[in-house]
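S.K.: Got a predicted model here, sequence first, then my questions.
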Amino acid sequence: MSTQNEALTIVIPVYNRADAVADTLASVAEQTWRPLHVVLVDNNSTDGTVAVLARWKREVEAPGLRVSVISEPTPGACAARNAGLALADTAWTMFFDSDDIMHPDHVERAMNFIAAHPDADIVGWPIAVNYVSGKCALKQFIVSDIVYNNIIHSSFATQRYMARTELFRRVGGWRKGLAMADDVELGNRLLATRPKVYKVGDRPTVDAYESEVSISNSPDRLPSMVMAMEAIAENLPQRRRHWADLETIILAANWTREESEAAPVVEPIMARTPLPRRWLWRLFYRWTLSGGRGAGRLYGLIKWTGI
């Protein structure tokens, strides 16, 4: 039997998902762990999403499963998540996306781990990412060298961890105004508090569904990505801020595949990067522009040299 301190709030922002959110909600209702507080935050939907959420609340709410449905008028997932965080009244909070699926034992496995590790501040897990092409990739929650791996490999993607509610609030929650990399930016601020971070097992208990061709792959998103990486760099020691520059270069090259489109973002970074690091950055840039992968992983192996 769990206590209130062991209970969990799950915050799910929803925007125009009336015909698609049912599977996510069903996976939440099927969790074997209780108690749960589920906060559903509608973010200006126009397709009947609010009615779907209200109906689900009526159908599933019961002792041990409390559901709050609220609206957040400020556009953007960050504002919606912060509205949900304001309602969290449990020791732990998890954010989840409205198109992903939890395995039935997902919460139970994490909460049992926390009970065995009372010093934990953040607990993460691997996820399975399913692409529209039919490919499936296992994404691990990498605890070692965690700051670097969060910047380069998005260890703190929304559905990959949960943290103490007090910790989310202490760092100020989600940063409004970021259209992308908001999860990496929040993870960076969480890590700046030097929390105790654990990984729960090697088996993925979340199925994430993503498109290999998404809106974030558009050059129109480059200014937003630059803004996010600048925000991330603010919370890095001076000697580590080039990690954010490297990720900016890799993403700009990967998304555009055209030097003329990437150059406005990349060249100012190159200009302020000292030699010999600039030569290495240029090599990674050319490699990624040509379709190569793994530049961030390669630099992770040699960054101890100080280059």
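M.R.: Sure, I can see it.

S.K.: Cross-check the contact I'm expecting between residue 149 and residue 142.
M.R.: Yes - at 4.3 Å, residue 149 and residue 142 qualify as touching, with contact defined as Cβ atoms under 8 Å. From N, CA and C alone the C-beta is placed, and that goes for glycine too.

S.K.: what touches both of the two?
M.R.: Residues touching both residue 149 and residue 142 (Cβ atoms under 8 Å, 6 or more residues apart in numbering) are residue 155.

S.K.: Which one of these two is surrounded by more residues?
M.R.: residue 149 (20 against 17; other Cβ atoms under 10 Å).

S.K.: Just the element for that one, please.
M.R.: helix 146-153 (DSSP states H and E).

S.K.: What strands flank the helix or strand just after that helix, and is each parallel or antiparallel?
M.R.: For helix 146-153, the following helix or strand on the C-terminal side (DSSP H and E) is strand 161-164. Applying DSSP bridges to the sheet, strand 161-164 is found paired with strand 92-95 (antiparallel), strand 122-124 (antiparallel).

S.K.: rewinding a little: helices or strands up against the helix holding residue 149?
M.R.: The contact analysis (3 or more Cβ pairs under 8 Å, 6 or more residues apart in numbering; DSSP states H and E) places helix 146-153 against helix 182-191, helix 242-256, helix 295-302.

S.K.: Determine whether the claim that residue 209 is in a helix is correct.
M.R.: No - judged by DSSP: H, G, I helix; E, B strand; the rest coil, residue 209 forms no part of a helix; its state is strand.

S.K.: What's the per-residue pLDDT of it here?
M.R.: What the model reports for residue 209 is a pLDDT of 88.

S.K.: Pretty sure residue 127 is one of the things it touches, is it not?
M.R.: No - with contacts counted by Cβ under 8 Å, residue 209 stays clear of residue 127, the gap being 10.6 Å.

S.K.: Neighbour count: those two, which is higher?
M.R.: Legend: neighbour count by other Cβ under 10 Å for residue 209 and residue 127, higher for residue 127 (22 against 16).

S.K.: Can you list the residue ranges for helices in this protein?
M.R.: Ranges of helices in the chain, per DSSP state H, are 22-29, 49-60, 77-87, 106-116, 146-153, 165-170, 182-191, 222-234, 242-256, 259-272, 277-289, 295-302.

S.K.: Go through the third one and flag the buried ones.
M.R.: Within helix 77-87, the residues that count as buried by 16 or more other Cβ atoms under 10 Å are 77-85.

S.K.: May I ask which two of those are separated the most?
M.R.: The two members of those with the most space between them (Cβ to Cβ) are 77 and 85, at 12.2 Å.

S.K.: which neighbours do those two share?
M.R.: When contacts are counted by Cβ under 8 Å, 6+ apart, residue 77 and residue 85 have residue 174 as shared neighbours.

S.K.: in stretch 234-249, what counts as buried?
M.R.: 235-236, 242-249.

S.K.: contact partners of it?
M.R.: 147-148, 151-152, 188-189, 192, 225-226, 229-230, 232-233, 265-266, 269, 273, 277, 281, 284-285, 288, 295-296, 299, 303.

S.K.: That stretch: end-to-end distance?
M.R.: Here the two ends of stretch 234-249 are set 17 Å apart, with distance taken as Cα to Cα, to the nearest Å.

S.K.: what's the most buried one of the strands paired with strand 161-164?
M.R.: Of the strands paired with strand 161-164, the one with the most neighbours on average (mean count of other Cβ atoms under 10 Å) is strand 92-95, at a mean of 25.

S.K.: So what touches that one?
M.R.: 6-12, 81, 84-85, 107, 111, 114, 158-159, 161-165, 168.

S.K.: taking the mean pLDDT, what do you get for it?
M.R.: If you average the pLDDT over strand 92-95, you get 98.

S.K.: which residues touch the residue nearest the centre of the chain?
M.R.: With distances taken as Cα atoms, centre = their mean, residue 157 lies nearest the centre of the chain, 2.0 Å away. For residue 157, the contacting residues are 127, 139, 183-184, 208, by Cβ under 8 Å, 6+ apart.
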